[in-house]
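Undergrad: how does the following fold in three dimensions:
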Amino acid sequence: DAEVALAAHNEWSTTRLSHFRIPPPVVDMLRRLQARGYKMAVVTNGHAEIQRGKLRACDAGALFGESALIVSGEQPHAKPHASIFQTALSKLGVSADEAVMVGDNIQADVLGGINAGLHATVWVRGDSPEPPADAPLPTHVVASVLEVEQLLMPSTQ
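TA: You can find the predicted model right below:
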């Protein structure tokens, strides 16, 4: 019955979103970088309603600023198209040669950063192996996003 299905979907959605959190060590690192003058944006692919729900759930607006949350579902093109990165650069008031893309998707994030002419790209590979030989080549590869601070501010660690 449609009512039961809707209730089940709503419960699943609420439970799922309750798990979207930016881990405290990552929040602390981002705040340290911001205190040093780094400007940041979130560029995410997906339907606007779904991605905005995730961004609200993890309170990304408070950390990055609402205008710096760029969702492909609200843009003409998704990553890896350069235009979505140009939107982020414009919102931050920086040029491509001042920007670094940090992301976990080598095709969308790294290739997108390259397409947009950004200064550097960082692939957060997590537990993934090294990128395939035909993948776009990131400037840096890290296992954890927490390693980004060392790349950007080597004298602080």
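
Undergrad: what sits against the residue nearest the centre of the chain?
TA: Per CA atoms, centre = their mean, the C-alpha nearest to the average position across the chain is that of Val42, at 4.4 Å. Contact analysis of Val42 by CB atoms under 8 Å, 6 or more residues apart in numbering lists 55, 60, 64, 68-70. C-beta coordinates here come from the backbone N, C-alpha and C atoms, glycine included.

Undergrad: could you flag which of those residues are buried?
TA: 55, 60, 64, 68-70 (16 or more other CB atoms under 10 Å).

Undergrad: quick one: low-confidence residue ranges for the protein.
TA: 155-157 (pLDDT under 70).

Undergrad: can you pull out the strands in it?
TA: Shown for the chain, the strands assigned by DSSP state E span residues 42-44, 69-71, 100-103, 120-124, 140-142.

Undergrad: Throw those strands into TSV and include distance to Val26, thanks.
TA: Shown next, in TSV, are the strands of the chain (distance: least, CB to CB, whole Å):
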stretch	distance to Val26
strand 42-44	12
strand 69-71	16
strand 100-103	11
strand 120-124	11
strand 140-142	13
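
Undergrad: which residues in the protein form helices?
TA: 2-17, 24-35, 48-57, 60-64, 82-92, 111-115, 148-152 (DSSP state H).

Undergrad: check those helices for me and report the most buried one.
TA: helix 111-115 (a mean of 22; mean count of other CB atoms under 10 Å).
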